[in-house]
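> fold the stuff below for me.
(one chain, ligands or ions: 1)
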Amino acid sequence: MSNNQAVEYEVIENIGIIKGMNPPVNALSYLVRKGLVNTLKELTNNQKVEGIILIGDGKTFFAGADISEFGKPIQEPDLNQVINTFEESEKPIVAALHGTPLGGGLELAMGCNYRVALSSTKLGLPEVKLGIIPGAGGTQRLPRLAGIEKALSMITSGIPINTKDALKSGVIEEIYEDALIANALNFIKSKLHLERHPIVSKTSDKISNIDNQIFEVFSKKIEKKYRGRKSPLYAIEAVKASTNLDFTEGLKKERELFKICHGSKESSSLIHMFFSERQALKIPDIPKETKILSINSAAVIGCGTMGGGIAMNFANVGIPVVVIENSQASLDKGMKIIEKNYLNTVSKGRMSESDFKNKMSLIRGATNLDSISSVDVVVEAVFEEMTLKKEMFERIDKLAKENCILATNTSTLDIDEIAESTSRPAYVIGTHFFSPANVMKLLEIVRGKNTSKEVIASTMKLAKNIKKVPVLAGNCDGFIGNRMFHEYVRQAHALAEEGAKVADIDRVIYEFGWAMGPFAVNDLAGNDVGWRIRKRHKKEGKYDNLRYTSTVADQICELGRYGQKTDRGFYIYDTQTRQKQIDPEIDMMFEKVAKEKGIPRRNIDDNEILHRLSWALLNTGCMILQEGFALRASDIDVTYAYGYGYPHWRGGPMQYGQDYGLKKVLEEIEGFRENNPDMWPKCSYLEELVKENKKFN
Ligand code: 3H9
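All right, here's what the predicted structure looks like:
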């Protein structure tokens, strides 16, 4: 029987079953909330019904509040009202969980008398990932069910737990391998004889006599991870309220803190990031029904730092992969590094010994290119040098089977030129992995002019399968990420030449929330990488007339100061601890170069440092959009958050500028342009947006 489109119910013998019908994830949108309350009322009035099962149709139990409703006026009943109605039900209710009961979904389940689950279920309160805190009783009910420590850990990390853990912590009462409804029916029937059923909000044994120190310990523990962020701290405060206020007052406190978070930039930025990441998967000219090539085996050519990391991605999801090197010695060295990386994870307790063995067994080494002949995808990860890559693709073309995707891992090189060295450019695509490739989430996928839609769609799908966040880029020098980064680094050097200290530039960027400042990043990645690219640019006659040409960056490379790997770069590094130390000599080098170039030196404040670096990214991002090398501004934000250590909670470089006000951004850029015309190319796309008072996309 149907109640409304979003919630249905049926009665089997003496049990009513309420079913959420809101695909794809049963988000608790207005119609669902209304449907839940109405359905419960009907089942309460139905004399035949003695107990109730709450379940979600499709792939999951309710995966949380409907995030797309955030920021709009809430239509009643709100989620707290729904949960109260369920908690006050005179007939016992069991929440039968599967998929991902997250956020408001888990909060609703905790408002039921019992919870049972399929073994594959993942339960969690991920609200901090959206810059909010659980706002429908999660901070008050979870501590009562699972204890303070578990609640703090789940709520501040946002990471879902598995059912074994949930059972042990008291969040659920039973686990089933299959037949969820049949098992839930038996479960609730076995409880009908009881006079009273547990109500989470009425219990208090797990929240009594708590030493307040635990909250300080947790605040300290998360300080580094959530640098600059507020919601995780508010979450701790809300959980603390569960121990020193009664349930109703605790809920009020939670509401108050939820509202503060809900209206924050932190939250709007993280929600922007959530939807942007999913939007990036949608390619307007590639229909949903495009054929996807199945990928069951892979080859990676080159087992250096990148190749090894790339191979691990395949093994991690059970795809057998052959890694190929040109000598046994290089292969052995590469395989040893892969093994060491996995063993590191084992030693941290994040991987079992058998899992390690299983992953290693999926990675096979070879020194002969013939090994690629049967695989579904080849990722070439040899040295970043065009002649070498072209030679390699000529050989790959001769050996790879029909329909094999031929991917090149490059950060800047022309995909079309590489594709031309094969007889099948439609199958050639760029896959720009970020180092360390087994850790970094971003995968910049670069379409050449001849890459087929099938190959693009299949590579996007593959990226998701290997747990990457893919962004599609066009084939321009540096694609999206590095083309922008190049301008950002150039700007950092200009600032240093004009008088800002290297350490101050890095400090401002770090304090803004980036993982590292531009100079520290270059030291980590290796200053020789950019040096090589600049030499290539020079050879190609690019950027010849520019006043700022990263002179000091070239000079330190000439001195062999490649960065962390040589213990010296823009900083000096302790060989053992990797601790960095400021080297005044570097600032003196910038001063000397400024003198030679006739650049006047002055004091530059933090605000100018931040804005020049931020708008250098934004202006270049706008150029990339104007030229069609990125599909949307939000794709650029995803690129920066997942590949460059940009703080997610600032929304990405484009969103940050938009929040600041594009008109003000443009005015500042025009001011900077007066001093440095060649650093601030005019971008008509940005100018038009401002003129027409429009936003990105
Ligand atoms: C909350 O509950 C607050 C409460 O404490 C208090 C309230 C008062 N809402 O990720 P997918 C869309 S906060 C709206 O590709 P998967 C998503 O945009 C919420 N839409 O699937 C996508 O749309 P499209 C706490 C949502 O299988 C489609 O569903 N909950 C929501 O890879 C498929 O998503 C969360 O934070 C939503 N809540 O992963 C859970 N969730 O197809 C957030 C998804 O148009 N969600 N969509 O691009 C997730 O983590 C994953 O989506 C999930 C499924 C693991 C559930």
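
> got the residues of the stretch 201-350 of the chain near the ligand?
For the stretch 201-350 of the chain, the residues in contact with the ligand under the definition Cβ under 6 Å from any ligand atom are F275, R278. In short, each C-beta sits where N, CA and C put it, glycine included.

> look up how far L192 lies from the residue in the chain sticking out farthest from the centre.
In the chain, the residue that sits farthest from the middle, by Cα atoms, centre = their mean, is Q47; the gap is 49.4 Å. Using Cβ to Cβ, to the nearest Å, one obtains 14 Å as the distance from Q47 to L192.

> what pLDDT, on average, does the helix or strand containing E487 get?
Secondary structure assignment for E487, by DSSP states H and E: helix 481-498. Along helix 481-498, the predicted confidence averages to a pLDDT of 94.

> and what of stretch 634-643?
Averaging pLDDT along stretch 634-643 gives 98.

> what lies in contact with it?
Contacts made with stretch 634-643 from outside it, assessed by Cβ atoms under 8 Å, 6 or more residues apart in numbering, are listed as 272-273, 275-277, 279-280, 434, 440-442, 444, 469, 471-473, 480-481, 484, 617, 621, 624-625, 630, 646-648, 651-655, 696-697.

> and with 6 Å instead?
The list of residues contacting stretch 634-643 from outside it, by Cβ atoms under 6 Å, 6 or more residues apart in numbering, reads 273, 276-277, 279-280, 434, 441-442, 469, 471, 480-481, 621, 630, 646, 648, 652-655.

> among the residues you listed, name the ones in helices.
Among these, the members falling in helices are M273, S276, E277, Q279, G481, G621, P653, M654, Q655 (criterion: DSSP state H).

> which of those count as buried?
Taking 16 or more other Cβ atoms under 10 Å as the criterion, what is buried in the ones in helices among the contacts of stretch 634-643 is M273, S276, E277, G481, G621, P653, M654, Q655.

> from D635, how far out is the fourth one?
Using Cβ to Cβ, we find G481 at a distance of 11 Å from D635.

> sorry, back to before: just give me the closest of the ones in helices among the contacts of stretch 634-643 to A366.
Using Cβ to Cβ, the shortest approach to A366 within those belongs to G481, at 31.2 Å.

> any idea how far the closest one lies from N113?
Remark: distance between G481 and N113 (Cβ to Cβ) = 51 Å.

> per-residue confidence for the residue farthest from the centre of the chain?
pLDDT, Q47: 97.

> in a helix, it, correct?
No. Counting by DSSP: H, G, I helix; E, B strand; the rest coil, one finds Q47 to be coil, located in no helix.

> so what does it have for phi and psi?
Listed backbone geometry of Q47 is phi -60, psi -30, with angles given as degrees, to the nearest 10.

> by mean pLDDT, which helix or strand of this protein comes out lowest?
Between all helices and strands in the chain, the lowest mean by mean pLDDT, DSSP states H and E belongs to strand 2-4, at a mean of 57.

> can you name the next helix or strand after that one?
Following the chain from strand 2-4 toward its C-terminal end, the next helix or strand by DSSP H and E is strand 7-12.

> list the helices and strands that following strand packs on?
Other elements packing on strand 7-12 under the criterion 3 or more Cβ pairs under 6 Å, 6 or more residues apart in numbering; DSSP states H and E are strand 15-20, helix 30-45.

> turn those into CSV, including mean neighbour count.
Output for the helices and strands packed on strand 7-12, formatted as CSV (neighbours: other Cβ atoms under 10 Å):
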stretch, mean neighbour count
strand 15-20, 24
helix 30-45, 19
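
> what would the ones you listed look like in TSV with distance to E596?
Formatted as TSV, the entries for the helices and strands packed on strand 7-12 read as follows, by distance: least, Cβ to Cβ, whole Å:
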stretch	distance to E596
strand 15-20	69
helix 30-45	66
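
> circling back: which one of the buried ones among the ones in helices among the contacts of stretch 634-643 is nearest to the ligand?
Distances from these to the ligand were compared by Cβ to the nearest ligand atom; the smallest belongs to E277, at 8.2 Å.

> list the contacts for A96?
By Cβ under 6 Å, 6+ apart, the residues touching A96 are I53, I55, V116, L180, A184.

> what does K453 give?
With the criterion set at Cβ under 6 Å, 6+ apart, K453 makes contact with I286, T290.

> could you check how far it is from G481?
23 Å.

> enumerate the residues of the protein near the ligand.
With the criterion set to Cβ under 6 Å from any ligand atom, the chain comes near the ligand through 24-25, 27, 63-68, 79, 100, 102-104, 107, 126-127, 130, 134-136, 138, 275, 278.

> ok, M21 - how many residues close by?
When neighbours are counted by other Cβ atoms under 10 Å, M21 registers 18.

> if I look at the residue lying closest to Q81 once chain neighbours are set aside, how far off is S89?
The shortest distance from Q81 to any non-neighbouring residue, by Cβ to Cβ, 6 or more residues apart in numbering, is to V37 (7.4 Å). Taking Cβ to Cβ as the criterion, V37 is separated from S89 by 11 Å.

> any stretches of the stretch 451-600 of the chain with poor pLDDT?
In the prediction, the stretch 451-600 of the chain carries residues with pLDDT under 70 at positions 542-549.

> what about the strands in it?
With DSSP state E, counting those that start in this stretch applied, the stretch 451-600 of the chain shows strands at 469-473, 571-573, 580-582, listed in chain order.

> so which of those gets nearest H537?
With Cβ to Cβ as the criterion, H537 lies closest to strand 469-473 of these, at 18.9 Å.
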